[in-house]
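Asks: Need the 3D shape of this:
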Amino acid sequence: MDSESPKNADEHKRKEFANVKLQGITQEVIQTTMNYTQYKTCNLEQSYLNFSDEFFDSRLLHKIIHQINHVIEMEAPISHSLLSRRILNAWGISRLGVRLNEYLTSIYSRLKLPHTNQNGNAILLGQ
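Replies: Alright, predicted model coming up:
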């Protein structure tokens with residue numbers, strides 16, 4: 001004689017059904033969310049300054065412009081502030097002060113980078 005009562009058998013079937021249903025839902029959700037492009041962060045080569053004001057030296061401008069273009073190529077659209085942080089981090093500068101912000105903004109303007117504003121933030125769109 002079967003030791004499982006009809007009540008226990010029904011409960012067992014319900015649990016099996018719920019488990020199969022849950023697996024189906026989980027697989028569907030996982031498969032759906034796997035269809036995205038992974039955001040790639042640009043890792044610039046570390047540069048070093050002998051003194052803090054050296055960043056403003058016109059001889060470094062070409063290298064800074066190259067870094068800006070490299071970050072934009074890889075990460076655009078990118079916010080003005082994030083682009084600035086990427087550049088400054090590559091030079092070992094941790095804080096975006098007013099003078100640095102104005103300097104980088106002037107370079108971005110000279111490069112005529114396409115941009116838009118979103119909630120008061122400049123977003124650089126790339127070239």
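Asks: Tell me how many other residues surround residue 67.
Replies: Neighbourhood size, residue 67 [other CB atoms under 10 Å]: 20. Placement of C-beta: from N, CA and C, glycine included.
Asks: Tell me where the protein is predicted with low confidence.
Replies: Flagging of the chain using pLDDT under 70 yields the residue ranges 1-6, 15-36, 127.
Asks: Try it again at 50.
Replies: Regions of the chain meeting the criterion pLDDT under 50 are absent.
Asks: Can you report phi and psi for the residue positioned nearest the centre of the chain?
Replies: Most central in the chain under CA atoms, centre = their mean is residue 39, positioned 5.2 Å from the mean C-alpha point. Torsion angles at residue 39 (phi, psi; degrees, to the nearest 10) stand at phi -70, psi 130.
Asks: do the same with residue 12
Replies: Torsion angles at residue 12 (phi, psi; degrees, to the nearest 10) stand at phi -60, psi -40.
Asks: Check the burial of it by counting its neighbours.
Replies: Neighbours of residue 12 (other CB under 10 Å): 11.
Asks: how close does it get to residue 118?
Replies: As judged by CB to CB, to the nearest Å, residue 12 and residue 118 stand 55 Å apart.
Asks: Please parse this protein into its domains.
Replies: The chain breaks down by automatic domain parsing into domains covering 1-36, 52-124.
Asks: can you tell me the distance between the two ends of the longest one?
Replies: So the one you mean is domain 52-124. Taking CA to CA, to the nearest Å, domain 52-124 runs 26 Å from one end to the other.
Asks: gap between it and the chain center?
Replies: The chain centre lies 16 Å from the centre of domain 52-124; the measure is CA atoms, centre = their mean, to the nearest Å.
Asks: Pull the residues that contact stretch 83-96.
Replies: For stretch 83-96, the external contacting residues (CB atoms under 8 Å, 6 or more residues apart in numbering) are 42, 44-49, 52, 55, 64, 67-68, 71-72, 75, 78, 81, 100-101, 104, 108, 124.
Asks: And for stretch 51-66?
Replies: The contact list for stretch 51-66 (CB under 8 Å, 6+ apart) reads 47, 49, 87, 91, 93, 100, 103, 107, 111.
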